[in-house]
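Peer 1: Here is my input, please return the structure:
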Amino acid sequence: MKKKEKKRKELLELVSIISDYNTIYLIDISDLNSNQISILRKNFYEFSIRMKVVKNTLLKKALEKIKNKKLDSFFSILNGNTSVLFSNSGSSIPSKIIKNFHVIEKIEKPYLKGAYAEESFYFGNKDLDLLINIKSKKDFIIDILNMLKNPIRDVIFYLKLGESKIFRILKELSQKKNNK
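Peer 2: Numbers count the residues shown, from 1 in each chain. The predicted model follows:
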């Protein structure tokens, strides 16, 4: 009975963790030595990215319980070694850390099995560059506002310019009226 309770507790904890984060990466860190894993964990920790090694069956059960994110697209990649990264600090940060690690260590591990970021799924190391350049909704809105800022500024400028011309015309008309 204790073993079942322990598994149930682990499952509920994992469901809670997954539900709390908006960016989830599944990576394969097999073949990395303990020093490399330690470096990765440190790099992730610096950006408040949580890394957890999980069993695939437990992860699948947890993903099934989370209805609001519909994470069942991950089911097909739940095999072999799986570590999960959880982040709320930006969708692109984990991929930048992974890509940087590839460059420094000159290896393709950790391998990106899949990622859920900005309500979309990404699979394989080929999608790391996409994830690096992904913009959050907030960043996208800021970009749109910045694009609109200059035209709005121009409109306000011309309105003020027109306002001063109208003021001058009205002033001249009132002076002409007073002179008559």
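Peer 1: Just the buried positions in the host helix or strand of residue 59, please.
Peer 2: Per DSSP states H and E: residue 59 is located in helix 56-65. Neighbour counts over helix 56-65 (16 or more other CB atoms under 10 Å) mark 56, 58, 59, 60, 61, 62, 63 as buried. C-beta coordinates here come from the backbone N, C-alpha and C atoms, glycine included.
Peer 1: can you list contacts of stretch 19-36?
Peer 2: Residues outside stretch 19-36 that contact it (CB atoms under 8 Å, 6 or more residues apart in numbering): 18, 37, 40, 50, 53, 59, 66, 68-69, 71, 74, 77-78, 80-88, 90-91, 94-95, 98, 101, 105, 109-118.
Peer 1: try it again with 6 Å
Peer 2: With CB atoms under 6 Å, 6 or more residues apart in numbering as the contact definition, stretch 19-36 has outside contacts at 66, 81-88, 91, 94, 109-117.
Peer 1: Only the buried subset of those, as a PyMOL command please.
Peer 2: Filtering these down to the buried ones (16+ other CB under 10 Å) takes a single PyMOL command:
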select buried, resi 66+81+82+83+84+85+86+87+91+94+109+110+111+112+113+114+115+116+117
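Peer 1: Toward the C-terminus, what is the element adjacent to the helix holding residue 59?
Peer 2: Assigned by DSSP H and E, the successor of helix 56-65 is strand 83-87.
Peer 1: helices and strands of the chain: which one bottoms out on pLDDT?
Peer 2: Of all helical and strand segments in the chain, the minimum by mean pLDDT, DSSP states H and E falls on helix 137-179, at a mean of 71.
Peer 1: list the helices and strands the helix holding residue 59 packs on?
Peer 2: Packed against helix 56-65, as judged by 3 or more CB pairs under 6 Å, 6 or more residues apart in numbering; DSSP states H and E, are the following elements: helix 2-20.
Peer 1: What mean pLDDT does the helix or strand just after the helix it packs on get?
Peer 2: Later in the chain than helix 2-20, the nearest helix or strand by DSSP H and E is strand 23-28. Averaging pLDDT along strand 23-28 gives 94.
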